[in-house]
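Novice: no sequence on this one, just coordinates:
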């Protein structure tokens with residue numbers, strides 16, 4: 001039996017494993033490596049804090065992921081396929097590493113976040129059919 005996500009170390013394991021998949025992914029990897037050119041040393045700690053706050057309400061994250069993704073959409077239109085792949089990779093990674101209440105919550109929150117981002121980006125870019 002796998003353990004649940006219980007501490008920041010678990011979140012770090014999840015986030016690191018997830019982004020290793022992202023980097024190799026044919027559908028969305030290029031967004032991170034070629035379009036955004038993510039600085040992983042800076043990005044990963046931010047994601048640790050984001051997910052720690054998302055699951056445990058620690059207040060450890062300050063930022064506006066919606067604005068970052070709206071900006072990204074202006075640079076490179078995001079599609080439903082991008083969001084679906086992100087969600088699939090995230091939930092797959094959670095399932096490979098963890099099980100339990102917090103693991104389920106992490107998957108639920110990831111799906112909710114991706115859905116809300118798609119809706120808000122589409123609302124700000126009427127007439128585009130890139131999202132849905």
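Specialist: Perfect, thanks for sending it. Note that the structure is a prediction, hence the values are computed from the model and not measured.
Novice: which regions of the protein lie under the pLDDT threshold?
Specialist: 125-132 (pLDDT under 70).
Novice: Would you map the helices across it?
Specialist: Shown for the chain, the helices assigned by DSSP state H span residues 8-24, 29-30, 40-56, 65-75, 80-97, 101-124.
Novice: mind giving me CSV with those helices and columns for distance to residue 1 and mean neighbour count?
Specialist: C-betas here are computed from N, CA, C, even on glycine. Listed next are these as CSV, based on distance: least, C-beta to C-beta, whole Å; neighbours: other C-beta atoms under 10 Å:
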stretch, distance to residue 1, mean neighbour count
helix 8-24, 15, 17
helix 29-30, 32, 14
helix 40-56, 20, 16
helix 65-75, 33, 14
helix 80-97, 12, 18
helix 101-124, 12, 16
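Novice: between those helices, which gets nearest to residue 2?
Specialist: Checking those against residue 2 by C-beta to C-beta gives helix 80-97 as the closest, at 6.7 Å.
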